[in-house]
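Asks: Model the following, please.
(4 chains)
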There are 2 protein chains.
Amino acid sequence: MWAVTGPEKPRRTTAQDVAAPKRTSGATAPAPPRRTAPEPARRTAAPEPALRASAPRKTRATVHDVAAAAGVSRGTVNRVLNGGYVSTDARAAIEAAIAQVGYVPNRAASNLARQRSQAVGFLALEPHSLLLEDPNIGAIMLGANAALSLADHQMVSLVIDSDRDTQRVGRYLSGGFVDGAIIVSARSHDPITRLIAEIGLPATFVGHPPDLARTIPFVGIDNVGSARAITGRLMQTGRQRIGMIAAALDRDSGADRLTGFKEALGDRFDPQLVADVPLYDYAYGVKGMRALLDREPEIDGVFAASDAVAAGALETLREAGRRVPEDVGLVGFDDSSWALRAQPQLSTVHQPAREIGRTAAESVLQQIGGVEPVELSVLLDSPVVWRHSA
Amino acid sequence: MWAVTGPEKPRRTTAQDVAAPKRTSGATAPAPPRRTAPEPARRTAAPEPALRASAPRKTRATVHDVAAAAGVSRGTVNRVLNGGYVSTDARAAIEAAIAQVGYVPNRAASNLARQRSQAVGFLALEPHSLLLEDPNIGAIMLGANAALSLADHQMVSLVIDSDRDTQRVGRYLSGGFVDGAIIVSARSHDPITRLIAEIGLPATFVGHPPDLARTIPFVGIDNVGSARAITGRLMQTGRQRIGMIAAALDRDSGADRLTGFKEALGDRFDPQLVADVPLYDYAYGVKGMRALLDREPEIDGVFAASDAVAAGALETLREAGRRVPEDVGLVGFDDSSWALRAQPQLSTVHQPAREIGRTAAESVLQQIGGVEPVELSVLLDSPVVWRHSA
DNA sequence: CCCTAGTGTGTGCCCGTTCACACATTCGTC
DNA sequence: GACGAATGTGTGAACGGGCACACACTAGGG
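Replies: The predicted structure is shown next:
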């Protein structure tokens, strides 16, 4: 505790006392005033202790304060904070001083000087409502947020729902408010995607990147392979007439799942047995299943493109008097809460949403750090989990 | 476009050319160089056009650039940006210049000068997993995010799951990283709550504030009243033995719903008919319903503390051979997707989660703006919605 | 004619941190 | 004993924007 224990360190000096010229004190040449000497003349007893009573005066401590308390210069404090040559006792003194004055770096100042923002945008190109419905997005967000927090970055979530949003977010992105971006559910030819490529913002897609941006890394799962796997298992258990409720074919995930389904079936694939609906949604599950039942009453296996769709299908099958899994085997995709809530519980593909978020965040962080990604794509494991519906 | 159309504006000058002393140019006295004169000597043709080839050199435009392009001073630019006396043609010129050079204010610089962060923390004192399960929190978050974005604030979501998190977030809050906070699901005696009160951070609770912090505003719904209303309706429709699956009694929402239930029943309240479970959760719904059926096989009305709980109860009733609503009337709370997915769809209390988030954000924003809240509490409407389960 | 009020405008300094540079000290080596 | 590297340390200038102040010009009143 060799530091100034005097309670005062007046900041916000008045015009007058600054008027005295910049401290051209004795030793202009930096004869390092070995900290071990008690360092006189701290000019602690400056004027104006008045007006202190009003409020607790929450002026935060700065590097200057730390430097003064430790008897070193700002530069040295900075060096213990950000690395560099520092002697062990200077380091100790500074660390003590930091604790003593309760120093916390000012992020705005740091960002300004370093020319960055320590923030990463989480872009969801999705109507608000769907954002809530989709159980995966929330988990991805949480995973990303956790990873970002760990690396001392903020996550700012940018939901793009309308064209006005597109403009706002565009400004945001090009305005240097974020150092990078995580993009979920981008569609082809999205203006935002193009913008990101143009300004060269570090970014990572979740799911396949749309056509144009072949240079932007992405993380996801092997939708084709997983769809093939779960369909294959449906075949092995003896189902003869296997159909699919395909959804969101304008999204890579939707298209890929259909591809996997086709691949698994091979010769046995019958386009008649594919119902095609726009969204991963319970209501569309109902619709799709009705279509399938209409076309092929003998159907005994169904792959639904998501658990929500499967839940709708399940209800429809029940209404139509089909037992699951006895009469019809049904499988979903996502391993969301739908799968567990269904009766019977759904066999499905586990999607490691949290991990996906984390991985995407780490990828962006790496790019921000200047590391060129070796692999453009990261595919996470998405194992099939067998429960009772097939 | 009367401004410099030359493509160059070299920033990052080298040490040498700065060596020439601070521009002590001719007219030190501010003889205002009427903008209408073409303003010579823009020193556009500075040295070093070299090394331009490597990268697009994304130096952003600053107020200086705008000022130069418009032929005015920084101060004036600032004035059109933030209000003040500006002549109409100066304003026009500056606005044109802004568009021309593509000026976007630098947030870090602005924040530094203004001593604030333009960020609001969204504190969830909740394990990660529960955060995902609870359909309300997501909607609250989205609502808050939307309102914050509109006011040009960032939302940084801070999930507190462990003690380590508490420390990290504590640093965050006291470090001036945020100007305010929205706090969801705070429990009594939470260290974070105390911290916020201590440092006087503008904050708003979602739901009742815990005991100690009577000075912090909150927004929520009238849990007591809504519980009373929905229970009352159960009574009016002739149910004789009405029970409740109460959950999360350590939270204000949980406790209040039980209170409303008691109030509605009055004399007819029978403590035997309350099953008390720790969490708003499907599994606990199952458990609670079993307990109730054990204690009172004649039960014909059940108020579940949330839709998820109700869904569990519904399943249990089905297994026990009770028909809903014929044998037993069942109601939930939240109006979440559980209510719609259930078969039959649940009668429940609509919770305007999105609105709650928006309102909380606006409250915090107001406090940041220095407006003392007139009403400490804002209670939003939470109407009962009748569907098929009772 | 001077003074004042109202309206515009330019300039210097400050916010708190980082970075590059200048310089000091110590040690080993030819 | 001079030299250079390695290791420490202090200092001045940014970073980009906000703010207070000084000042200029115009009108109007005494």
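Asks: So is stretch A:286-293 next to chain B?
Replies: No. Using C-beta under 8 Å from any C-beta of the partner chain, stretch A:286-293 stays clear of chain B, with a minimum separation of 11.7 Å. From N, CA and C alone the C-beta is placed, and that goes for glycine too.
Asks: hmm, who's touching that stretch?
Replies: Stretch A:286-293 has contacts (C-beta atoms under 8 Å, 6 or more residues apart in numbering or on different chains) with A:243, A:245, A:247, A:273, A:275-277, A:299, A:302, A:304, A:309, A:312-313, A:315-317, A:320.
Asks: Restrict these to the buried ones and give me that as a PyMOL selection.
Replies: Per 16 or more other C-beta atoms under 10 Å in any protein chain shown, the buried members of the contacts of stretch A:286-293 correspond to this PyMOL selection:
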select buried, chain A and resi 243+245+247+273+275+276+277+299+302+304+309+312+313+315+316+317
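Asks: can you tell me which of the contacts of stretch A:286-293 are in helices?
Replies: Of those, the ones assigned to helices by DSSP state H are A:Val309, A:Gly312, A:Ala313, A:Glu315, A:Thr316, A:Leu317.
Asks: pLDDT added to these, as TSV?
Replies: Shown next, in TSV, are the ones in helices among the contacts of stretch A:286-293 (pLDDT from 0 to 100):
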residue	pLDDT
A:Val309	96
A:Gly312	94
A:Ala313	97
A:Glu315	93
A:Thr316	96
A:Leu317	97
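Asks: ok, so of these, who is nearest chain B?
Replies: Here the nearest of these to chain B, counting by C-beta to the nearest C-beta, is A:Glu315; it sits at 7.0 Å.
Asks: Could you say which helix or strand holds A:Ser157?
Replies: strand A:154-160 (DSSP states H and E).
Asks: angle of whichever helix or strand comes after that strand against strand A:154-160?
Replies: Downstream of strand A:154-160, the first helix or strand assigned by DSSP H and E is helix A:163-174. For helix A:163-174 against strand A:154-160, the angle by axes from the mean of the first three to the mean of the last three C-alpha atoms, to 10 degrees is 150 degrees.
Asks: What pairs with the helix or strand following helix A:163-174, parallel or antiparallel?
Replies: Using DSSP H and E, the helix or strand that directly follows helix A:163-174 along the chain is strand A:180-184. Sheet pairing here is set by DSSP bridges, and for strand A:180-184 it gives strand A:119-125 (parallel), strand A:203-206 (parallel).
Asks: what's in contact with the first one?
Replies: The contact list for strand A:119-125 (C-beta under 8 Å, 6+ apart) reads A:131, A:137, A:141, A:144-145, A:148, A:153-160, A:169, A:172-173, A:177-187, A:190, A:192, A:361, A:364-365, A:368, B:154.
Asks: same deal with the last one?
Replies: Judged by C-beta under 8 Å, 6+ apart, the contacts made with strand A:203-206 from elsewhere in the structure are A:140, A:180-186, A:196, A:213, A:216-220, A:356-357, A:360, A:363-364, A:367.
Asks: Using CSV, write down the CA coordinates of that strand.
Replies: Below are the C-alpha coordinates for strand A:203-206, written out as CSV (Å, rounded to 0.1, in the frame of the first residue of the first chain):
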residue,chain,number,x,y,z
ALA,A,203,-18.6,-13.0,-41.6
THR,A,204,-19.8,-16.5,-41.3
PHE,A,205,-23.0,-18.1,-42.5
VAL,A,206,-25.0,-20.6,-40.6
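Asks: what sits against the closest residue to DNA strand D within the stretch 251-390 of chain A?
Replies: For the stretch 251-390 of chain A, the residue closest to DNA strand D is A:Ile368, as judged by C-beta to the nearest atom of the strand, at 18.0 Å. Residues in contact with A:Ile368 (C-beta under 8 Å, 6+ apart) are A:Arg116, A:Val120, A:Asp179, A:Gly180, A:Pro202.
Asks: Scan those and report the most crowded one.
Replies: Within the contacts of A:Ile368, most neighbours by other C-beta atoms under 10 Å in any protein chain shown means A:Val120, with 29 neighbours.
Asks: Tell me the confidence at that residue?
Replies: Predicted confidence (pLDDT) for A:Val120: 95.
Asks: same thing with the one 5 residues further on?
Replies: What the model reports for A:Leu125 is a pLDDT of 83.
Asks: ok, it - how many residues close by?
Replies: Look at A:Leu125: counted by other C-beta under 10 Å, it has 21 neighbours.
Asks: what bridges to it?
Replies: A:Ile160.
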